Structures are given as structure tokens and as C-alpha cells.
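Participant: quick one: sequence and predicted model below, then my questions.
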Amino acid sequence: MEPDLVRRQGALDRGLSWLIRGQRPSASHILLAPATLWLLAFLILPVASLLSLGFTHRGPYGAFEWVFTWDNFRRALDLKYLPILIRTVCYSGATTALCLVLGYPLAYFLSFQAGKRRDLYLALLMIPFWTSWLVAIYSWIIILGREGLLNGLLRALGLPPIAFLGTSFSVILGLVYFYLPFMVLPLYASLEKIPRSYVEAAHDLGAGNVEAFLKVTLPLSLPGVLAGCILTFIPCMGDFLCADFLGSPRTYLVGNLIQNQFLMAQDWQFGSALTSLLLVFLITGLYARHRFEEQGLFEESE
Amino acid sequence: MSDAPLLELIGVAKSFGAAKVLSGINLTVGHGEFLTLLGPSGCGKTTTLRIIAGFERPDSGKVLLRGRDVAGLPPYKRDVHTVFQHYALFPHYSVFENVAFGLRIRRLPEAEIQARVTEALALVKLAGFADRRTTALSGGQMQRIALARAIVGRPSLLLLDEPLGALDLKLRRDMQLELKAIQRRLGIAFVYVTHDQDEAMAMSDRIIVFHQGRIEQTGTPAEVYHRPRTSFVADFMGSANILSARLLRSYEGCARIRVEDEVEFDLPREEAPPALHGGELCLAVRPERIHVRYEEELPLRGDCVSLPAVLTDTVNLGDETQMFLSLFKKSAKTVVAASMDARHQTERQDGTPVWVDIRWKDILLLEPPPVG
């Protein structure tokens, strides 16, 4: 009876190993296949074809001519576009900084909440994120406009109206409004992960609230700060909606420049060259961050 | 002022929401004393420690540190340091900076910080570890660093919350001796929280047994072990056979007891047994105090109770033999005897009739556990 059982189990094992090592696809391949195919068909291929467009010649009226050229990149690197790039970096940087200043206390507060209250606060935070951007941006126009709510308030106080719209102020305000959740969520995640006992240990050793924060909580939340800044900065760099609706030609950003090539100028070749350059710029930044991390400058806590 | 105890808790109570965690806690800690708060999980010992540290504020009662009420003071204004259960070492600092943390807060001169941290690391036998990252240490090493960090500031009172709980048994035994030695050497009072009664017995000057948010008994390890006041303490400190009993009559220096409503005997006693109304009480005997005697052997000499029993099972644990005995026909209660005697290791057949001898002084009469 027993040897028989052993033999049968051996056969079963061999059968399984044949299944796993044999030519047949393994379970993980099968599970990954749909997502891989989806990404390939709807992300990799379109992006690759769009980016390859940047290396081709633009025919009359924007016709695609599959002739290799560096012209689009040469144009894109023209110094006349440098102010736009600098402005975009400044706006994105300012937005990231403001989001950090506004988001850190918010995330800190959230990290002390629990259960239903925390869920409620997180939902409130996510509402701008879930709202249609069109509705949100028109709401801002209503608030900031020449006859808007804010100017109505100023008038009621007997003050002269201010042209908010079309300024860098309104564009950055819009960017902060849209991208704040991108800052708060990673910050919250890293703050919430810090065990309470670390802060208690700091208090126990004589540190007051400020010292305990500066010496324990803040340094341990730096990975979250970095993640939040990257997640805020990158989409800001490509944003064109805020500048389009709340800005003016004076607040023209890289995103607007790219958008115009596709929608107005019918110059997809140039637009794709610009997009490629922006991607290279951002990927270089991410790579630098990665190198920093490898050097242990932003080591994660346990 | 100087005759005030180092720490005194008077009538401390604490609830979390509807759950009453502590009620009526009174305790004192003397200068240089090693006091252990012992009890099962959820008994309130850790909450008591957190109240002393200042992490929790008592709902009522006083926390006197050298006679001064500190119940409202935050932890950083108390001359008390804590060794946390999971060490709570700062992962972003080196071993040296972890230990130096409290000294840097106090802005001591760099040379003194260097000297004191080096001294503290040497005391916990981790002198060469100053530059290591704390995340790369073993559990035992982290435990030592946590201890060094807590003692380097020379507190008058050190609180330890199950500091050895995460270590394996052998390391724990070694650390118990070492902790005790360090405590003696520094002369710092320790308040030590544990659920391990062996640990409490091995290290403490005094033990406070907690049960359901109350203090069940206070005393030296020997007192608590040999003279438990309640059945809970008897059972928690080591093992005990706990039987229900009834006080039938109590006359001059003697009490007649009926055990498990079946076996009756007279028990000479100087003080009156702590029986409730109707004579309800608990009788406890430690397994090693039950002498099992085969029928052909002579009874134990001296003042003892001898009862007939039947051997139902024998378990050989190496140095010790456990014998399971049935003393009662009606109730299914089995009594366990532990013997180091080699003659008990040669197995007798289960069902062998035997005699059970228990000295009078080894029979503990205790308050019965509260109903419900």
C-alpha cells in the first residue's frame, strides 16, 4: 500500500514539473498576458509611433512624410523656447513648494486620524481629483473672474477690483488645486507608517514637540516628501489646462506649446519632438533621484 | 522630602472609552528598587507603565515622583526613561546617535556626550558598534542599544516594557541576569513589565501581580510564590492545583475543610481561612508539594494530610515526572503531582492505587475567584 502511494505521488510530482518546466506557458505568463497586451497595443505602440513622428519630415499642411530628419529637434532646441521651459519649471517648482507647505500639515493631521473620520477626510481631499476638470476650472473662473466672487468681495469692501485671471497667480492656484492630492497622499502614507513609539521615545528622552518633530518625524517622512514632490512636479510640467483657461499668453507653458502643435498648428512632427524632449528631461530627473536613493540619502525606514 | 518614596501611585484609575483599564492602583517604588508589574496581557500593567512615563494621563489619582505630583506633566519633563517593547530605535540614526539622542537634546558638551555614550555602550557590551546602523542589528543587540539609550541620561527611574519579549528563550535567560547586574551596578530603580512569571521571580526585589486592572497581590518573589493571596496569583505564579473547597467548621487553631464536595479533613491553621459567606474558599497545592506514595511505602513523616488516590497517567519530562491523580469519584477533577524522584520514573500501570501526602503548610487556603 505504502510504496504504491509513494510511486503515485512521484508520478504526480513529475507530471507537475513537466507542466511547469515544459513548453507550456506558466501560470504567471497567463496572468500577465492581458495587461501586457493592453499596454503594448494602447500605450507602447501609440507612444512609440508618436515619438517616431518627431524624426520625420513635415509635409505641406502637416502631412506625414516618412523621411528621417533632425529638423524638429533642432527647432525645439531653439533658444526662443527657453523662456517657456524656464517658466514651466518655475511654475511647477512653485506649485510643488506650495503643495508641500499646504500638504504637509494636512497629511500630518490625517496621520493622527483613524477609522471613519480618516476616510471622510481622505474623501474630501479626493473630491477635486474626482471632479471633472472642466467643472472645476470654470468654478475657478467664476471665483477669480473680473466680475467674479473674489472681486465682488473686494468691491463690497470698497477696494478696486484686481485682474486675477491671466496672471501667474491664477495659473499656480489652479495647479495647486489640481495637484494637491498628489502631494498629500504619499506624504500621508509615509507619515502614517512612522510608529508612534518613535515619537514617544523622543519625548521620553526629553524632546519637546518641536524637537521630536524635527529630529524624528520629519527625517523619517523625507521619502514621502520626495515621492510627493516628484508626483506633483512631473504632471505640472506637462499641464496645459490651467494655463489655457486661467492664464494668458504671458503664462504660456511647455504643455501649451505642445498642445498647440497638435491642435492648432497641425505640426505633429514638431509636437512629438517637444514631447520627446520633455520626456527625456523628466526621465533624467527621475534617474538622478534613483541614484540619490542608491547612495542611501533617502533610505526608507524599517 | 528625602524620606518620600521615589515613585508613588495613589488611587490611579484609567478608562479607554467604556473599557475600564485600571482602577484604584496604589503602589510605591523605592530608591534603587527592582519592581516588576506582572500579569497576563490586558491586565493593565503596560497602561500603568505608560502613566508613569507620562504617555497616558490617569483619569483620577496621583502620580508622585519624589513627592511631587507629575500626573499632568508631559514625558519630556520627567526624570524617567523607558525601554520600549519593540525598542523604538530611530532607524535614521546610527547606534551612537541613538544613544546620544537625549544628551543632545540637553545640549551637553560634545566631549561629555562622547564619553557618556562610549561608557553606556561599554556597559551593554556593544563598545564597537557606535557607527553601525540600527536596522542592521539583531534583536538582542537592539535591546542592548535601547537599554544604553535609556540609561545614558542617568534617570532616577527606568521603565521597561517587556524588554525581553521578542528574544528567544536562551538569550532571554542571559539578558535577565545581565539586566539585574546592570540595575544593581547603576543603582537605578527599575519598573519592569512582564507576563513571564519566571522572569519576574528571577529578577525582582518586589512583584506586583495585576489582574483585570487591579492589583491582586504585592510582595517579594518568595511571598508571592509561597503565600499567594488569591487563586489567580497561585495559578499565575507557577502552576497550582486549584480545587473548590468549603469551610465546614472553624475552631481553635483548626479548620475542617470539605474539598470538591467529596473529601473531608481537618487542617490545623493559626489564622482564620479567608472564606466567604457560606464558607466558600479555594484550596491550592503546588504540584511539587504533592508526595505520591505507593501502598507498600511508609507515609510522609510530620504533619500532613494523607488521601487515597488512583494514578491515571504518568508523563516523563526528563528531570521531572508528572503524575496525574484522581482523588475524587464524583467530580472529574484530576490533580497533578510533580516528582523529581527516580522511583517515579519507572512506570507503574495506570489505575494503580496510591496515597497522596500533603503537608499542612503546603495547603494554601485562598479567596475564591470572583463570580463571573
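Facilitator: Here it is on my side, so go on.
Participant: C-alpha only now, for contacts and for neighbours.
Facilitator: Fine.
Participant: longest single strand anywhere in chain B?
Facilitator: Longest strand in chain B, counting residues (DSSP state E): strand B:304-316.
Participant: run the chain-centre distance for it.
Facilitator: Counting by C-alpha atoms, centre = their mean, to the nearest Å, strand B:304-316 is centred 29 Å from the centre of its parent chain.
Participant: list the buried residues for that strand?
Facilitator: For strand B:304-316, a neighbour-count test (16 or more other C-alpha atoms under 10 Å in any protein chain shown) marks B:304, B:305, B:306, B:308, B:309, B:310, B:311, B:312, B:313, B:314 as buried.
Participant: likewise for stretch A:185-204?
Facilitator: With burial defined by 16+ other C-alpha under 10 Å, the residues of stretch A:185-204 counted as buried are A:185-192, A:194, A:197-204.
Participant: next step: these restricted to helices.
Facilitator: A:185-192, A:197-204 (DSSP state H).
Participant: grab the two from the residues you listed that are most spread out in space.
Facilitator: Spatial extent of those (C-alpha to C-alpha) is set by the pair A:185 and A:204 at 29.7 Å.
Participant: show me the chain divided up by domain.
Facilitator: Just going to use chain A. Using automatic domain parsing, the domain parsing of chain A gives A:2-53, A:79-294.
Participant: wrong one, I was asking about chain B
Facilitator: B:7-233, B:239-366.
Participant: tabulate those domains (TSV), appending distance to chain A and mean pLDDT.
Facilitator: Converted to TSV, the domains of chain B look like this (distance: least, C-alpha to the nearest C-alpha, whole Å; pLDDT from 0 to 100):
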stretch	distance to chain A	mean pLDDT
domain B:7-233	4	93
domain B:239-366	32	84
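Participant: need the winner for burial among those.
Facilitator: Greatest average neighbour count among these goes to domain B:7-233 (a mean of 19), per mean count of other C-alpha atoms under 10 Å in any protein chain shown.
Participant: distance of residue B:11 relative to residue B:212?
Facilitator: As judged by C-alpha to C-alpha, to the nearest Å, residue B:11 and residue B:212 stand 16 Å apart.
Participant: just residue B:194 next, same as before
Facilitator: 15 Å.
Participant: follow-up on the earlier one: how about the domains of chain B, which one is nearest residue A:63?
Facilitator: Of all these, domain B:7-233 sits nearest to residue A:63, with 57.7 Å by C-alpha to C-alpha.
Participant: related to what we said a few turns ago, which of the buried residues of stretch A:185-204 come close to chain B?
Facilitator: A:197, A:198, A:200, A:201, A:202, A:203, A:204 (C-alpha under 8 Å from any C-alpha of the partner chain).
Participant: confidence score at the second one?
Facilitator: It refers to residue A:198. Turning to residue A:198, the model gives it a pLDDT of 95.
Participant: was I right to think it contacts residue B:89?
Facilitator: Yes: using C-alpha atoms under 8 Å, residue A:198 makes contact with residue B:89 at a distance of 7.0 Å.
Participant: confidence score at residue A:111?
Facilitator: You'll see residue A:111 listed with a pLDDT of 92.
Participant: please apply the same query to residue A:21.
Facilitator: Per-residue pLDDT puts residue A:21 at 55.
Participant: where does pLDDT dip in the stretch 101-250 of chain A?
Facilitator: Within the stretch 101-250 of chain A, no stretch has pLDDT under 70.
Participant: mind redoing it with 90?
Facilitator: For the stretch 101-250 of chain A, applying pLDDT under 90 flags the ranges A:113-116, A:118, A:122-134, A:136, A:145-148, A:158-164, A:166, A:247-250.
Participant: and the residue of it nearest chain B?
Facilitator: Closest to chain B within the stretch 101-250 of chain A is residue A:206: 4.0 Å, counting by C-alpha to the nearest C-alpha.
Participant: and that residue, how far from residue A:107?
Facilitator: For residue A:206, the distance to residue A:107 - C-alpha to C-alpha - is 25 Å.
Participant: equivalent analysis for residue B:256, please.
Facilitator: For residue B:256, the distance to residue A:107 - C-alpha to C-alpha - is 70 Å.
Participant: what sits against residue B:52?
Facilitator: Applying C-alpha atoms under 8 Å, 6 or more residues apart in numbering or on different chains to residue B:52 gives the contacts residue B:63.
Participant: give me phi/psi at it?
Facilitator: phi -70, psi -40 (degrees, to the nearest 10).
Participant: repeat that for residue B:163.
Facilitator: phi -70, psi -20.
Participant: pretty sure it contacts residue B:46?
Facilitator: No: Residue B:163 is not in contact with residue B:46 according to C-alpha under 8 Å; the separation is 11.8 Å.
Participant: mutual contacts of the two, please.
Facilitator: What both residue B:163 and residue B:46 touch, as defined by C-alpha under 8 Å, 6+ apart, is an empty set.
Participant: with only the CA atoms kept, save the regular element (helix or strand) spanning residue A:135 in PDB.
Facilitator: Assigned by DSSP states H and E, residue A:135 belongs to helix A:133-144. The C-alpha coordinates for helix A:133-144 follow below in PDB (Å, rounded to 0.1, in the frame of the first residue of the first chain):
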ATOM      1  CA  TRP A 133     -11.600  69.300 -14.600                       C
ATOM      2  CA  LEU A 134     -13.900  71.400 -16.800                       C
ATOM      3  CA  VAL A 135     -16.400  72.000 -14.000                       C
ATOM      4  CA  ALA A 136     -13.500  72.700 -11.500                       C
ATOM      5  CA  ILE A 137     -11.700  75.100 -13.800                       C
ATOM      6  CA  TYR A 138     -14.900  77.000 -14.700                       C
ATOM      7  CA  SER A 139     -15.600  77.300 -11.000                       C
ATOM      8  CA  TRP A 140     -12.300  79.000 -10.600                       C
ATOM      9  CA  ILE A 141     -13.100  81.300 -13.500                       C
ATOM     10  CA  ILE A 142     -16.300  82.200 -11.700                       C
ATOM     11  CA  ILE A 143     -14.400  82.900  -8.500                       C
ATOM     12  CA  LEU A 144     -11.400  84.700 -10.000                       C
END
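Participant: name the residues of it that are buried.
Facilitator: Buried-residue list, helix A:133-144, by 16+ other C-alpha under 10 Å: A:136, A:137, A:140, A:141, A:143, A:144.
Participant: enumerate the residues of the stretch 201-302 of chain A near chain B.
Facilitator: Residues of the stretch 201-302 of chain A lying close to chain B by C-alpha under 8 Å from any C-alpha are A:201-208, A:211, A:216, A:219-220, A:299, A:301-302.
Participant: and the helices in the stretch 201-302 of chain A, which stretches?
Facilitator: Ranges of helices within the stretch 201-302 of chain A are A:209-212, A:218-238, A:241-246, A:254-263, A:268-294, based on DSSP state H, counting those that start in this stretch.
Participant: these into TSV, with extra columns for distance to residue B:153?
Facilitator: Converted to TSV, these look like this (distance: least, C-alpha to C-alpha, whole Å):
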stretch	distance to residue B:153
helix A:209-212	17
helix A:218-238	23
helix A:241-246	56
helix A:254-263	57
helix A:268-294	34
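Participant: and those helices as a markdown table, adding mean neighbour count?
Facilitator: Shown next, in a markdown table, are those (neighbours: other C-alpha atoms under 10 Å in any protein chain shown):
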| stretch | mean neighbour count |
| --- | --- |
| helix A:209-212 | 15 |
| helix A:218-238 | 21 |
| helix A:241-246 | 22 |
| helix A:254-263 | 19 |
| helix A:268-294 | 17 |
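Participant: out of the ones you listed, nearest to residue B:152?
Facilitator: Residue B:152 lies closest to helix A:209-212 among the helices of the stretch 201-302 of chain A, at 18.4 Å (C-alpha to C-alpha).
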